[in-house]
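K.L.:
Predicted model follows, preceded by the sequence.
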Amino acid sequence: MILLNGSNLKKMFLDETLFENVSFRIDEGDKIGFVGVNGAGKSTLFKIINGTMDQESGELFRNKNTKIGYLDQYTCIESDKTIMGEMLTAFEEVIGIENELEDIRYRIEAKDGELEKLVARQTALTERFEELDGYQYKSRIRSALIGLGFTEEEFNKRVDTLSGGQKTRVSLGRILLSDANLLLLDEPTNHLDIESVEWLEGFLQTCKSAFIVISHDRYFLDRVTNRTFELENGRLRTYQGGYSEYVKQREIEKKTEERAYANTVKEIERLEGIVEQQRRWNREKNIKTAESKQKVIDKLEKTLVKPAEEQEDIRFSFRALPGGGQDVLITDGLGMSFGDHRIFRNCNMHLVKGEKVFLLGSNGCGKTTFIKDVLGMYEPSEGSVRIGANIEIGYYDQIQENLDMDKTIFDELHDTYPNMTQTEIRNALAVFLFRGEDVFKEIRKLSGGERARVELAKLMLKPVNFLIMDEPTNHLDIESREALENALSEYDGTMLMVSHDRYFINKLADRIMYMTPDGFEVYNGNYDYYSEKRVIKQTESVSVQEESVGSIDYKEQKRLAAEKRKVLNRFAKAEEKIEQLECELEEISSEMSKPELASDFERLGELSAEAERLNAELEETYSEWEALQTEIEEKHYDE
């Protein structure tokens, strides 16, 4: 079924055409990645599809059954509800049915109203409730919130007390759980740590809704999409496959277009030569030949399509300041607390010259705090930090606090490097695509991506041999990320990076240090190596625990074994009970639909009451099952 169809859409801002002749089709089951440089018009096209912005021309057909769920990358919901309360708004129909069924049950028991009509309404509502998977909605909310990085203790926090990133995650969760069958997701991985991105990947891989996702996360796009839209130079192109497949197809397509264009131009030039020659001879036969060839030329020129001009690339490099000791950074027993709240402890790190080390960990684990301890911006609660001899640090701040919002781009660089000439500053900014009058734009008016490029320009000019970068790929489009990757690949100094861009980590990392509340887990390789070895390490950890049982007191050994058996038995019984309750509910539903019971209101009331009781028991059992499942996973009882 076609969900949406766009035909020859055109959008302008003032007198500038953003895109035109944009046509596409979205079917059920489509999982589409949407790529293109920042400013190409991707978010604008989303707004047109969602109906919050109008196009200049063209038509947009939406199937009457299409329901859109839209996540704006700059969404900031204002709500006095709790996180759980806000998530419940995705299930308003389910909750309404649940409440009405409860009311009908009481009315049937009290014989209040026309029983035949009440029972008919109850049957219809029950069928709709089951169709909407109503028995599962609370567990689905819990699973989504935990997957998106919230703890159960946070479920009752008011939304208006949350940070911008937390509000975005709530919005994302609500949209994912809605009954929309077409999701428009604009940068959904922003504000998510790697574990939450992996949860989102799993959700999108199995969800029944079609979706279009704007993302600069290439690893993510490869894992969740089966089609790709590209918006470039005002034109939309569509490709089969995820990001990596799109890159291969696009490269082949560009070469084919360039070759076809060159061959056509060459043929036109050849024919023009013939026309000129025949006209010089100026005989009747020659004139006819010239006219014939000219018609061919005219036809070729009408069909001639010049390949789109390549977007100008950012090309820059970091060069390490010569010298510096072999030991670049040593932290010993580093710990940090804010009041009574401990963030981390026992963080031991030893970076040597030339290493590229990535610091990973869940949101809130203290990665940025650790970096600020290293930079001397915070005073650690315990332990020590030692920077090596002749080490000069360059720091990239993810929230760009190093930029003065009241300055122009030019003044920001000039005031940082007063000895540079105007020409040198302009040349440096041109590398990051700031040219002409653009250099006099105020920083406060720049997009996140533009500010990131200013920050990188400042860093490129600084003579350093130790780069510390906190989420440097945030706000950068794919082309800018690749330029940064290439520059850092060639950098011969030392790097300490925080990033959740797995493609970026894979290309650069020599070593990964995963941050926990009690220190670092160390993995000597890139992201794929880390991902593989972490699973192995967790398995080995369980084996070591099992082997160490022999050294535990015999009574303690028996207690642990008994505890494991007890949890596994309870889990098995919960599964059996769920199956039994679902069977009983199915039997009741079948009996209530029998024609001979249509007028037996007393019996129908009894069955309805029994169904309500079983549903309540089923929900309670599901909660117990989920809690046991979490305990089994955390304690590795399933291994």
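P.N.:
Thanks, I have it. Numbering: from 1, shown residues only.

K.L.:
Tell me how far Glu269 lies from Leu300.
P.N.:
From Glu269 across to Leu300, the span is 11 Å (C-beta to C-beta, to the nearest Å). Using the backbone N, CA and C atoms, a C-beta is placed for each residue, glycine as well.

K.L.:
quick one: which of the two has more around it?
P.N.:
Neighbour count, other C-beta atoms under 10 Å: between Glu269 and Leu300, Leu300 has more, with 14 against 10.

K.L.:
Tell me which helix or strand Leu18 sits in.
P.N.:
strand 16-27 (DSSP states H and E).

K.L.:
What are the buried residues along that strand?
P.N.:
By neighbour count on 16 or more other C-beta atoms under 10 Å, the buried set for strand 16-27 is Leu18, Phe19, Glu20, Val22, Phe24, Ile26.

K.L.:
Quick check: of those, which lies closest to Tyr106?
P.N.:
Distance to Tyr106 across the buried residues of strand 16-27 (C-beta to C-beta) is lowest for Ile26, with 44.9 Å.

K.L.:
Which residue comes closest to that closest one once chain neighbours are left out?
P.N.:
Distances taken as C-beta to C-beta, 6 or more residues apart in numbering place Leu4 nearest to Ile26, at 4.3 Å, with adjacent residues excluded.

K.L.:
quick one on the thing from earlier: kindly reformat the buried residues of strand 16-27 as JSON lines containing pLDDT and distance to Leu321.
P.N.:
Listed next are those as JSON lines, based on pLDDT from 0 to 100; distance: C-beta to C-beta, whole Å:
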{"residue": "Leu18", "pLDDT": "92", "distance to Leu321": "43"}
{"residue": "Phe19", "pLDDT": "93", "distance to Leu321": "45"}
{"residue": "Glu20", "pLDDT": "92", "distance to Leu321": "49"}
{"residue": "Val22", "pLDDT": "94", "distance to Leu321": "48"}
{"residue": "Phe24", "pLDDT": "95", "distance to Leu321": "50"}
{"residue": "Ile26", "pLDDT": "95", "distance to Leu321": "52"}
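
K.L.:
if we can go back for a sec, and the strand or helix carrying the residue nearest to Ile26, which residues are buried?
P.N.:
Take DSSP H and E as the rule and Leu4 turns out to sit in strand 2-13. Of all the residues in strand 2-13, those buried under the rule 16+ other C-beta under 10 Å are Leu3, Leu4, Gly6, Leu9, Lys11.

K.L.:
go on, stretch 352-360?
P.N.:
Within stretch 352-360, the residues that qualify as buried by neighbour count (16+ other C-beta under 10 Å) are Lys353, Gly354, Glu355, Lys356, Val357, Phe358, Leu359, Leu360.

K.L.:
Over to stretch 163-176?
P.N.:
By neighbour count on 16+ other C-beta under 10 Å, the buried set for stretch 163-176 is Gln166, Lys167, Thr168, Arg169, Val170, Ser171, Leu172, Gly173, Arg174, Ile175, Leu176.

K.L.:
And stretch 428-442, by the same measure?
P.N.:
Of all the residues in stretch 428-442, those buried under the rule 16+ other C-beta under 10 Å are Ala428, Leu429, Val431, Phe432, Phe434, Val439.

K.L.:
Let's check: the centremost residue of this protein is which one?
P.N.:
Among the residues of the chain, the one closest to the centroid is Thr189, at 2.1 Å (C-alpha atoms, centre = their mean).

K.L.:
Any chance of a markdown table for the buried residues of stretch 163-176, columns distance to Thr421, secondary structure and pLDDT?
P.N.:
Below are the buried residues of stretch 163-176 laid out as a markdown table (distance: C-beta to C-beta, whole Å; DSSP: H, G, I helix; E, B strand; the rest coil; pLDDT from 0 to 100):
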| residue | distance to Thr421 | secondary structure | pLDDT |
| --- | --- | --- | --- |
| Gln166 | 46 | helix | 85 |
| Lys167 | 45 | helix | 88 |
| Thr168 | 43 | helix | 87 |
| Arg169 | 46 | helix | 89 |
| Val170 | 50 | helix | 92 |
| Ser171 | 48 | helix | 92 |
| Leu172 | 47 | helix | 93 |
| Gly173 | 52 | helix | 93 |
| Arg174 | 53 | helix | 93 |
| Ile175 | 51 | helix | 94 |
| Leu176 | 53 | helix | 94 |
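
K.L.:
Quick check: Lys306 touching Tyr261?
P.N.:
Yes: here Lys306 lies in contact with Tyr261, judged by C-beta atoms under 8 Å, at a distance of 6.2 Å.

K.L.:
Next, the buried residues of stretch 151-163.
P.N.:
Neighbour counts over stretch 151-163 (16+ other C-beta under 10 Å) mark Phe155, Lys157, Val159, Leu162 as buried.

K.L.:
again with stretch 387-398
P.N.:
Within stretch 387-398, the residues that qualify as buried are Ile387, Gly388, Ile391, Ile393, Gly394, Tyr395, Tyr396, Asp397, Gln398, counting by 16+ other C-beta under 10 Å.

K.L.:
which among those residues gets closest to Ile48?
P.N.:
Nearest to Ile48 among these: Gln398, at 31.2 Å, using C-beta to C-beta.

K.L.:
Quick one: the helices in the stretch 301-450 of the chain, in order.
P.N.:
Per DSSP state H, counting those that start in this stretch, the stretch 301-450 of the chain carries helices over the ranges 367-375, 409-416, 422-431, 448-461.

K.L.:
Any chance of those in a markdown table with distance to Phe229 and mean pLDDT as columns?
P.N.:
Formatted as a markdown table, the helices of the stretch 301-450 of the chain follow (distance: least, C-beta to C-beta, whole Å; pLDDT from 0 to 100):
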| stretch | distance to Phe229 | mean pLDDT |
| --- | --- | --- |
| helix 367-375 | 34 | 94 |
| helix 409-416 | 31 | 93 |
| helix 422-431 | 29 | 91 |
| helix 448-461 | 20 | 89 |
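
K.L.:
List the buried residues of stretch 174-188.
P.N.:
So, applying 16+ other C-beta under 10 Å, buried residues of stretch 174-188: 174-178, 180-188.

K.L.:
Give me the phi and psi angles of the closest residue to Met12 other than its chain neighbours.
P.N.:
Closest residue to Met12 apart from its sequence neighbours, by C-beta to C-beta, 6+ apart: Glu56 at 5.3 Å. As for Glu56, its main-chain torsions (degrees, to the nearest 10) stand at phi -70, psi -40.

K.L.:
since we're on Glu56, how many residues are nearby?
P.N.:
Per other C-beta under 10 Å, the neighbour tally for Glu56 reads 11.

K.L.:
How about the one 10 residues further on?
P.N.:
Each residue near Thr66 was counted by other C-beta under 10 Å, and the total is 17.

K.L.:
Same check on the one 3 residues further on?
P.N.:
Neighbouring residues of Gly69 were enumerated by other C-beta under 10 Å; the total is 22.

K.L.:
same check, this time on Arg235
P.N.:
Using other C-beta under 10 Å, Arg235 is surrounded by 14 other residues.

K.L.:
any low-confidence regions in the stretch 451-600 of the chain?
P.N.:
Within the stretch 451-600 of the chain, the ranges that satisfy pLDDT under 70 run 538, 540-561, 597-599.

K.L.:
for it, what spans make up the strands?
P.N.:
466-470, 494-498, 511-516, 519-523 (DSSP state E, counting those that start in this stretch).

K.L.:
highest average neighbour count across these?
P.N.:
Across the strands of the stretch 451-600 of the chain, averaging neighbours per residue (mean count of other C-beta atoms under 10 Å) puts strand 494-498 on top, at a mean of 23.

K.L.:
neighbouring contacts of that one?
P.N.:
Residues from elsewhere that reach strand 494-498, judged by C-beta atoms under 8 Å, 6 or more residues apart in numbering: 320, 324, 328-329, 351-360, 367-368, 371, 374, 391, 398, 465-472, 488, 505, 508-509.
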